[in-house]
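**Student:** build me a model:
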Amino acid sequence: MTETALKSLPRLEGRAAWIFHEEDYDIDQIIGVKNIRIQDLDELCGIAMQTYDPDFRTSVRPGDLLVGGRTSVSATRIRRR
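**Tutor:** As a prediction, this is how the structure comes out:
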């Protein structure tokens, strides 16, 4: 990532709920391709990250971060009601 791109990113603060250690992780597995049409936020929260960690929903908290390596998405903030 270029220095200019890094400067344009917002400063994120929060607990790292999950760190993807793979260099090229599959972001489609965060909710699963079969669930891509689900729009209900509560339902999505219940199924998020099941491929990586079946107990993820019990450990994640509002404001937690998913941190990844050198892919097009480097961090995603988790929002829960």
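**Student:** mind checking how far the residue nearest in space to the middle of the chain is from residue 37?
**Tutor:** Nearest to the geometric centre of the chain sits residue 66, at 3.9 Å (C-alpha atoms, centre = their mean). The spacing between residue 66 and residue 37, counted by C-beta to C-beta, to the nearest Å, is 21 Å. Quick note: C-beta positions are derived from backbone N, CA and C, even for glycine.
**Student:** other SSEs contacting the helix or strand hosting the residue nearest to the centre of the chain?
**Tutor:** In this assignment (DSSP states H and E), residue 66 forms part of strand 65-67. Here strand 65-67 touches strand 16-19, strand 75-77, going by 3 or more C-beta pairs under 8 Å, 6 or more residues apart in numbering; DSSP states H and E.
**Student:** right, and the residue nearest to the centre of the chain touches residue 15 too?
**Tutor:** No: using C-beta atoms under 8 Å, residue 66 is not in contact with residue 15, being 10.9 Å away.
**Student:** just the pLDDT at residue 67, thanks.
**Tutor:** On the pLDDT scale, residue 67 is placed at 81.
**Student:** residue 40 too?
**Tutor:** We have a pLDDT of 93 for residue 40.
**Student:** with the one 5 residues further on instead?
**Tutor:** The model reports residue 45 with a pLDDT of 86.
**Student:** ok so, going back, going by mean pLDDT, which of the helices and strands packed on strand 65-67 comes out lowest?
**Tutor:** Among those, strand 75-77 scores lowest, at a mean of 46.
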